[in-house]
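[1] any chance you can model this:
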Amino acid sequence: MGEVKISVCIPVYNGAEFIKVAIDSVLSQTLGDFEIIVVDNQSTDNTLELVKQYSDSRIKIFQNPTNIGMIPNWNKTLEYATGKYIKILPADDLLFPNCLKMQAEVLDADVDKKISLVCSSRHIINDQGKTLFKRGFSGKRMQLSGTEAINKVIRSGGNIIGEGGAVMFRREILAKTGPFNSNIFYVLDLDQWFKILRHGQLVVLPDFLSAFRVSSGSASVQIANKQKDDYFNFIDLVYKTKEYGLTAYSYKLGKVKTFILTEIKKLIYRFVV
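    As a prediction, this is how the structure comes out:
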């Protein structure tokens, strides 16, 4: 059997409410050459039973003997992945039908492997799946050097690259970057994207190819201020790490934008979600 093209990694803990929506969104992809790696982190609800109801051989189910924590569980899914390309899909998020096809086509065409990361725009949705707003880069396809991308992201004041569902990268690059960092909880995804971008370019697809859920029970609603503090510290770290090439202008503007966007986010979570 040949190599699977894409590993869609779904780390989950007590995800019964949305896990089937996430898995169904992968099974509905227009590209079928994938595996779904579900790693259950000792859920206390019926998450595991729901996943076991599927008979599709592309779904591979694992359960940790004990709860190892959120970020180690993300890394555990990477250990089980065998695909050429990787996508991390949080268990309450979902993909739109062309997501895998369009992102994989970018990496397939890059025979010289100059591109290290592909991202796309996404919908921000609530518990009921209603779109609250949309996020991403500007509405055009872009190809940026790693340094250009990092500066652009910091100046935006947030993670415009996107959460796991919005991103795809080559599995082989993990040998250079290492796993997700357990010490940077609230910016773990952006920290990993930046490490990946030290080794290549970013391609931005303007298409809306995934949805990130903010729900009344999710960490996203409860931790806006902590996210701001961690993002401030992350900006400091990136600025001090000269390999990232962050300019003083991007650094200062990033701090201002982060503060403003945090206040806007809190209002959205309070009155809309």
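[2] got the contact list for the closest residue to residue 193 other than its chain neighbours?
    The shortest distance from residue 193 to any non-neighbouring residue, by CB to CB, 6 or more residues apart in numbering, is to residue 161 (5.1 Å). Where C-beta positions appear, they are placed from N, C-alpha and C, glycine not excepted. Residues in contact with residue 161 (CB atoms under 8 Å, 6 or more residues apart in numbering) are 117, 119, 149, 153, 167, 190, 193, 202.
[3] so what touches stretch 89-99?
    Here stretch 89-99 makes contact (CB under 8 Å, 6+ apart) with 8-13, 15, 17-19, 21-22, 25-26, 28-30, 47, 87, 120, 163-165, 207-213, 215, 218.
[4] try 6 Å this time
    8, 10, 12, 15, 18-19, 21-22, 25, 28-30, 164-165, 209-213 (CB atoms under 6 Å, 6 or more residues apart in numbering).
[5] also stretch 46-60?
    Counting by CB under 6 Å, 6+ apart, 12, 15-16, 19-20, 35-38, 40, 61 sit against stretch 46-60.
[6] which of those residues sits closest to residue 234?
    When these are compared for distance to residue 234 (CB to CB), residue 12 wins out at 25.6 Å.
[7] leaving out the residues flanking it, which one is nearest to the closest one?
    residue 91 (3.9 Å).
[8] helix/strand/coil for that neighbour?
    Look at residue 91: counting by DSSP: H, G, I helix; E, B strand; the rest coil, its state is coil.
[9] from residue 262, how far off is it?
    Look at residue 91 and residue 262: by CB to CB, to the nearest Å, they are 25 Å apart.
[10] do the same with residue 88
    Distance from residue 88 to residue 262, by CB to CB: 24 Å.
[11] ok, residue 68 next?
    Here residue 68 is placed at a distance of 30 Å from residue 262 (CB to CB).
[12] swap in residue 33?
    40 Å.
[13] and residue 193, by the same measure?
    Distance of residue 193 to residue 262, computed by CB to CB: 20 Å.
[14] and the two? which has more neighbours close in?
    residue 193 (26 against 19; other CB atoms under 10 Å).
[15] I'd like the mean pLDDT over stretch 5-17, please.
    For stretch 5-17, the mean per-residue pLDDT is 97.
[16] for the longest helix seen in the chain, name the packing helices and strands.
    Taking DSSP state H as the criterion, the chain has its longest helix at helix 248-271. Using 3 or more CB pairs under 6 Å, 6 or more residues apart in numbering; DSSP states H and E as the contact test, the elements touching helix 248-271 are helix 146-156, helix 224-240.
[17] please state the mean pLDDT value computed over that helix.
    Mean predicted confidence for helix 248-271 is 82.
[18] where along this protein do the helices fall?
    With DSSP H as the criterion, the chain has helices spanning 19-27, 47-52, 70-80, 99-109, 146-156, 174-177, 188-197, 219-222, 224-240, 248-271.
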